[in-house]
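>>> just to be clear, the model below is a prediction. Sequence and coordinates:
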2 protein chains.
Amino acid sequence: MEQKTGNTEQLILEAAEKLFMEKGYNGTKTLDIAKNAGVNHALIHYYFRTKENLFSQIFEQKAAQLLGFFVDAFNKDYPFFEKLKIGIETHFDFLSQTPELPLFVLNEIIKDKNRRNYIYKKIFPIGEEILKRMTKAIAEEVCKGTIRPIKASDLLLNIASLNVFAFVALQVLFATDEDRQKEEYVKFLEERKKNNVELIINGLKIKN
Amino acid sequence: MEQKTGNTEQLILEAAEKLFMEKGYNGTKTLDIAKNAGVNHALIHYYFRTKENLFSQIFEQKAAQLLGFFVDAFNKDYPFFEKLKIGIETHFDFLSQTPELPLFVLNEIIKDKNRRNYIYKKIFPIGEEILKRMTKAIAEEVCKGTIRPIKASDLLLNIASLNVFAFVALQVLFATDEDRQKEEYVKFLEERKKNNVELIINGLKIKN
DNA sequence: ATTTAGTTTAACAATATTGTTAATCCTGTG
DNA sequence: CACAGGATTAACAATATTGTTAAACTAAAT
């Protein structure tokens, strides 16, 4: 039919990505992946040997993506509050594109020791790097008396909490029937983004 | 041996609770539950007929618990900032007792339509109730000029984000090797609790 | 001591799930 | 055209997982 040869591997990867993100490792069956990709079940093993193999490929890519979000978002060079605002918004917008990503990665990390260990080696070095830059930026502002002192890790965790949880809430609140339309959905995100920037910045600024 | 008769059902429930919370519905096998409970595999079906049955019982109880946390935490009658502080801390302390609870419930809600629909009927009425009280309290403070205006749902979501995510982070950060001891773990939570109260309150107070 | 009801056990059945294989198809190349 | 190689298929194999059953056991009541 319209099955152009040569794209089978890609079809499998796409179907697997969708299903794994939606249902997790244990909830996804290789048969479902095959059906969703529209290919014969055996091809999954032909191209990837095992389910675990296929999953790892996707998981590692997604974990790298999630981390990349943070790096990209908080590495620009702007005045402090600008940097903060842009960083939060950039991070938020990244998440908008794949709302299931953070929960997916967090879950699989928590549920599997091997994945945890793998991730640790990748995440920690980069995390430390971001924290170092942030710590310096914070110190400067504290000197100027514009913000209260805060640990960089706390600030980062605050941002991650608010941004990530917005999408967890999104999935729970809008995962049900059709009575809440796309429009409401978009509005919810807009408001949430604004709220997060406001809260982080208000929470830092010094009172009179 | 030491198996006192009559507690088998309880043994199964306890083992199931532990495993389901740890590995989720799909990650938990009835055989594992039996082994962990130290009972014959068939007893699980004798007492609960199906895995789904056993799971529902635990899930619904846990979901109710999670919701109860919110109700208990934000229903006391104190001055506004006190209420806020105590509410956040109470909620945080609840979560300390079962750190896996929120992620467990959120996940199973997201992954299964039936659970979603079930939960909706239970959660929404109570959620609305809390929001109504909060809206009134906020309006009063805004009139007094002590806080900036904010939607009750935003405030509640901010608190939930910060508190819940603290325990997600906890699981990820401390789920690995032994190099981070209990002591560090407790310190992390202490700091996080304080940080959350500060951020929420600072973020609300009016600047000069 | 017998009966009864609930409990437990081992063995089995049924299905789901992952993985394998040999045969077939297809496509480009000599 | 023949054929070499990867791509695909259907059928099968192996195991995991859930669920069932009939028989054995236990303790309390008669």
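That came in fine, so what should we check first?

>>> domain map for chain A?
A:1-49, A:51-204 (automatic domain parsing).

>>> just checking the helix or strand of chain A with the lowest mean pLDDT against chain B, any contact.
Comparing helices and strands within chain A by mean pLDDT, DSSP states H and E singles out helix A:113-144 as the least confident, with a mean of 87. Yes - on the criterion Cβ under 8 Å from any Cβ of the partner chain, helix A:113-144 is in touch with chain B at A:116-117, A:120. For every residue, glycine as well, the C-beta is placed using N, CA and C.

>>> looking at those, which is nearest A:Asp77?
Set against A:Asp77, the nearest of the residues of helix A:113-144 next to chain B by Cβ to Cβ is A:Tyr120 (29.0 Å).

>>> okay, now that closest one: neighbour count?
17 (other Cβ atoms under 10 Å in any protein chain shown).

>>> next one: A:Gly203
Residues lying near A:Gly203 (other Cβ under 10 Å) number 22.

>>> just give me how far the strand or helix carrying it sits from the chain centre.
In the assignment (DSSP states H and E), A:Gly203 maps to helix A:182-204. Distance of helix A:182-204 from the chain centroid (Cα atoms, centre = their mean, to the nearest Å) equals 17 Å.

>>> equivalent analysis for stretch A:61-70, please.
Mean-position distance between stretch A:61-70 and its chain equals 7 Å (Cα atoms, centre = their mean).

>>> what comes up buried for that stretch?
Neighbour-count burial for stretch A:61-70 flags A:62-63, A:66-67, A:69-70 (criterion: 16 or more other Cβ atoms under 10 Å in any protein chain shown).

>>> show me those that map onto helices.
Using DSSP state H, the subset of the buried residues of stretch A:61-70 located in helices is A:62-63, A:66-67, A:69-70.

>>> related to what we said a few turns ago, packing partners for the least confident helix or strand of chain A?
For helix A:113-144, the packing partners by 3 or more Cβ pairs under 8 Å, 6 or more residues apart in numbering or on different chains; DSSP states H and E come out as helix A:51-73, helix A:80-97, helix A:101-111, helix A:152-174.

>>> could you confirm whether the shortest one reaches chain B?
Yes - counting by Cβ under 8 Å from any Cβ, chain B has neighbours in helix A:101-111: A:103, A:106-107, A:109-111.

>>> and what of the last one?
Yes - Helix A:152-174 is in contact with chain B by Cβ under 8 Å from any Cβ, via A:154, A:157-158, A:160-162, A:164-166, A:168-169, A:171-172.

>>> flag the shaky bits of chain A, pLDDT-wise.
Within chain A, the set of residues satisfying pLDDT under 70 comprises A:1-6, A:176-180, A:208.

>>> can you tell me which residues in it are near DNA strand C?
Proximity of chain A to DNA strand C (Cβ under 7 Å from any atom of the strand) is limited to residues A:5, A:28-31, A:41-42, A:45-46, A:49-52.

>>> out of the residues you listed, which comes closest to A:Glu128?
A:Glu52 (29.7 Å).

>>> distance to chain B added to the ones in helices among the buried residues of stretch A:61-70, as JSON lines?
JSON lines is the format used below for these (distance: Cβ to the nearest Cβ, whole Å):
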{"residue": "A:Lys62", "distance to chain B": "15"}
{"residue": "A:Ala63", "distance to chain B": "11"}
{"residue": "A:Leu66", "distance to chain B": "12"}
{"residue": "A:Leu67", "distance to chain B": "12"}
{"residue": "A:Phe69", "distance to chain B": "16"}
{"residue": "A:Phe70", "distance to chain B": "13"}
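
>>> can you redo those residues as a markdown table with distance to A:Lys35?
Shown next, in a markdown table, are those (distance: Cβ to Cβ, whole Å):
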| residue | distance to A:Lys35 |
| --- | --- |
| A:Lys62 | 22 |
| A:Ala63 | 26 |
| A:Leu66 | 28 |
| A:Leu67 | 32 |
| A:Phe69 | 31 |
| A:Phe70 | 35 |
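
>>> which among those are in contact with DNA strand D?
Answer for these near DNA strand D: none qualify (Cβ under 7 Å from any atom of the strand).
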